[in-house]
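# Take a look and give me a structure for this.
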Amino acid sequence: MVAASGSSWAATPAGKAVPYLEARINPKATAPFTVEEFDGAMKSVGAIHRADERGLSLFLARSFNDRRAPKRLHLVVTDGSTLEQVLAVVQACRTAGFTTVHFFGCLLPGCGIAAGATKDQKRHEGHEYKVSELYDLLCLASTYC
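Below you'll find the predicted structure:
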């Protein structure tokens, strides 16, 4: 099954779908940061669009602190996303208190190279990362300018 945005559905080991939040980068949009909530039936509950990381951080923090909100988080990096945008989202996740994220898309090899720009970029389909380790990995990539 595939969620509306294109990321794989969230499932428990028993295969039962679980609610999740999805942080998505839309590099060509006026407001490039989107957070969308999906319920256990993989239907969108609602979404917010933000132009800057401050609004993204605020919404993610409120969601993290809401005991009824999903705690599973997907990060969807669409082709054309920049390292700066990905770092901003990962920092927002980190600031909000999320400790893990399921990563969908390409990890950027360095600054100035957009996601999906080259065929040698490894594409991840839900790989679970510790947010702190993903942040460190992206910071290292930012030194390759």
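# If you count contacts, what does the helix or strand encompassing residue 62 end up packed against?
Secondary-structure element containing residue 62, defined by DSSP states H and E: helix 53-65. With contacts defined as 3 or more CB pairs under 8 Å, 6 or more residues apart in numbering; DSSP states H and E, helix 53-65 has these neighbours: strand 20-25, strand 33-38, strand 44-50, helix 83-96. Yep, even glycine has a C-beta here, placed from its N, CA and C like the rest.
# Could you state which residue of the protein sits nearest its centroid?
Nearest to the geometric centre of the chain sits residue 75, at 1.6 Å (CA atoms, centre = their mean).
# Correct me if wrong: it contacts residue 21.
No - the criterion here is CB atoms under 8 Å, and residue 75 misses it with residue 21 at 9.7 Å.
# about what we covered before: out of the helices and strands packed on helix 53-65, indicate the one that is most buried.
Mean neighbour count, computed with mean count of other CB atoms under 10 Å, is highest for strand 20-25 among the helices and strands packed on helix 53-65, reaching a mean of 24.
# Show me what that one is packed against.
Under the contact definition 3+ CB pairs under 8 Å, 6+ apart, strand 20-25 sits against strand 33-38, helix 53-65, strand 73-77, helix 83-96.
# could you redo the last one with a cut-off of 6 Å?
Contact analysis of strand 20-25 by 3 or more CB pairs under 6 Å, 6 or more residues apart in numbering; DSSP states H and E lists strand 33-38, strand 73-77 as its packing neighbours.
# Compute the inter-axis angle for it and strand 44-50.
Using axes from the mean of the first three to the mean of the last three CA atoms, to 10 degrees, the direction of strand 20-25 lies 30 degrees away from that of strand 44-50.
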